[in-house]
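# Attaching a predicted model along with its sequence, questions to come.
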Amino acid sequence: MFGLFEKIFNSLFIFVFMIVYDNHFHMDSNGKGVEAVKEFEKSGGTAMMVVSKPYIEIKRGEDFMREYEILLSLVRDAKEKTGVKIFTALGVHPSRISDFKSLDKAKKIMVEGIELAARCVGDGKANAIGEVGRPHYETSPEVWDASNEVMEYAMMRAKDVGCAVIIHSESSDKTYEEISQIAGKVGIKKGRVIKHFSPIVKSTFGLTPSVIATFENAKNAFEKMDSFLLESDYIDDPKRPGAVIGPKTLPKTVKRLIENSVTSEKNINFAMKELPEKIYGINLD
């Protein structure tokens, strides 16, 4: 009985004093907004990367700055009202390519949006570019090729400003290899290319996977992968409450991992602190 209490005490001690980082979290003024961050914090979360998503109709490249300002405002509010360390990624979601009748116009506007995101990183307003990439659903060869061109440009600008880039894409057998080839062509450090919503894979071709933090998924990742991040991909959409997983889930998963001795404290600390600090050049303490 004493051994059980000791185990619980040790796990709680570790959890209370450790970094609990969510690598992919969305905020929306029409959703919970800062309240979602408060829920994350109350559940034991300490830090997160908040990633931009489509908020407004985009008609021209400069409209993306209006969209970024919506997120930056939400982040400022959350920083003032919580103790969570919040970092920001700004980007052009690949679904935007379908917003325009002309594919050439879509590419031009999306590239302009990425350029604005890169400037924000250079000015210290954001920490990474993302999410960018290609559709996760079947599409035409023309859209696929155009999306790859936009993703390549995002990697190039991330390299130029010295930041990481968060990729939204499908998850096929060839995904990691293909995206790694594009990263190699650009010359960005492959570890700074994060595959968001990653499946559990044996080889990442040098890229960094970010895995959805359900308990079973995280347990599987720790058993089969050496290096990865954990994310909720919380969408903050009132029409889809809790999607993909809720703001409380990742901290609760980390606690369960510790309580069930799924892996070592060292390995959890690597995923929660050491790896994100290395990739993004941030301090999570």
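All right, it came through fine. Numbering: from 1, shown residues only.
# what's the closest non-adjacent residue to Gly191?
Among residues not flanking Gly191 along the chain, Thr208 sits closest, at 5.4 Å (CB to CB, 6 or more residues apart in numbering). For the C-beta atoms, the positions are set from N, CA and C on the backbone; glycine is no exception.
# My read is that the one you found contacts Lys189, right?
No - if you go by CB atoms under 8 Å, Thr208 and Lys189 don't touch, sitting 9.9 Å apart.
# more neighbours, these two?
Thr208 (25 against 14; other CB atoms under 10 Å).
# Who does the more buried one form a beta bridge with?
Ile194 (DSSP bridges).
# Could you pull up the residues touching it?
Taking CB atoms under 8 Å, 6 or more residues apart in numbering, we find Thr208 in contact with Gly191, Arg192, Val193, Ile194, Lys195, Ser227, Phe228, Leu229, Leu275, Ile279.
# Quickly note the distance from it to Val165.
Using CB to CB, to the nearest Å, we find Thr208 at a distance of 10 Å from Val165.
# what touches both of the two?
Counting by CB under 8 Å, 6+ apart, the common neighbours of Thr208 and Val165 are Arg192, Val193, Ile194.
# Could you find the closest non-adjacent residue to the first one?
Think Arg192. Per CB to CB, 6+ apart, closest to Arg192 is Ala164, 4.2 Å.
# what's the burial count for the one you found?
25.
# same check, this time on Glu62
Using other CB under 10 Å, Glu62 has 12 neighbouring residues.
# can you give me phi and psi for it?
In terms of degrees, to the nearest 10, the main-chain angles of Glu62 are phi -70, psi -20.
# My read is that it contacts Glu112, right?
Yes - using CB under 8 Å, Glu62 is in contact with Glu112, at 7.2 Å.
# quick one: pLDDT of Asp285?
pLDDT recorded at Asp285 is 93.
# nearest residue to it other than its sequence neighbours?
Ile19 (7.4 Å).
# so how many other residues sit close to the one you found?
That count, for Ile19 with other CB under 10 Å as the rule, works out to 19.
# Likewise for Arg66?
Other residues near Arg66 come to 11 when the count uses other CB under 10 Å.
# Dihedrals phi and psi, it?
When read as degrees, to the nearest 10, the backbone of Arg66 gives phi -60, psi -40.
# Where do the strands of the stretch 1-150 of the chain begin and end?
Along the stretch 1-150 of the chain, the stretches classed as strands by DSSP state E, counting those that start in this stretch are 21-25, 47-51, 85-90, 128-133.
# With just CA atoms, put the first one into CSV.
Extracted C-alpha coordinates of strand 21-25, given in CSV (Å, rounded to 0.1, in the frame of the first residue of the first chain):
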residue,chain,number,x,y,z
TYR,A,21,3.5,21.5,-23.9
ASP,A,22,0.8,21.3,-26.6
ASN,A,23,2.4,21.6,-30.0
HIS,A,24,-0.8,22.5,-32.0
PHE,A,25,-3.6,24.4,-30.5
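# gap between it and the chain center?
Here the centre of strand 21-25 is set off from its chain's centre by 6 Å, with CA atoms, centre = their mean, to the nearest Å.
# what does stretch 46-66 give?
14 Å.
# now do stretch 92-99
Centre-to-centre, stretch 92-99 and its host chain are 17 Å apart (CA atoms, centre = their mean).
# Buried ones in that stretch, by neighbour count?
Residues Val92, His93, Pro94, Arg96, Ile97 are the ones in stretch 92-99 that count as buried (16 or more other CB atoms under 10 Å).
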